[in-house]
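**Q** With the input below, show me the fold.
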Amino acid sequence: MMIAAVIMLLVIATMTAAFLLVVTAHTRVLGDEHRRTVALNLAEAGVEIALARMQTDADYTGEPGVRLGGGTLDIEVWRRGNDFAINARGRVLGAGREITRRVRVAGHKTFLGDSRLH
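**A** Model prediction:
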């Protein structure tokens, strides 16, 4: 009877440990996915910020290290004639590492008025 109880406790302990490993791994994956989404949202916000600033400041070239929404945003704007390109990078720190997402947009000066891009 005593041996059966010990074996049963070992089985329960093993199952509990396996369950905890699965839950921990799943939580880590969900956290990474959330940070990737936040980084992408930051990068997309950077494009919108750049488009808005370009409409009021013809010399706007971007800005590094903007803190926004739990992360950092770098915006770069390049111009050649009437064409432009925006590179926005959103970065989020978490779990001891940085997650980065980039969004690049190219357009033509005439599209700035109605925000149509190609």
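
**Q** Which residue ranges of the protein form helices?
**A** Listed in chain order, the helices of the chain (DSSP state H) span 2-56.

**Q** pLDDT at the residue most central in space within the chain, what is it?
**A** The centroid of the chain falls nearest to residue 39 when counting by C-alpha atoms, centre = their mean (1.5 Å). Note on residue 39: pLDDT of 85.

**Q** Equivalent analysis for residue 108, please.
**A** Model confidence at residue 108, expressed as pLDDT, equals 68.

**Q** so how many other residues sit close to residue 54?
**A** When neighbours are defined as other C-beta atoms under 10 Å, residue 54 has 20 of them. The way it works is simple: take the backbone N, C-alpha and C, and place the C-beta from them, glycine included.

**Q** cool, and the one 4 residues further on?
**A** Look at residue 58: counted by other C-beta under 10 Å, it has 8 neighbours.

**Q** Repeat that for residue 41.
**A** Neighbours of residue 41 using other C-beta under 10 Å come to 19.

**Q** measure it to residue 22 for me?
**A** To residue 22, residue 41 is 29 Å away according to C-beta to C-beta, to the nearest Å.

**Q** How about residue 104?
**A** For residue 104, the distance to residue 22 - C-beta to C-beta - is 38 Å.

**Q** Thanks a lot, catch you later.
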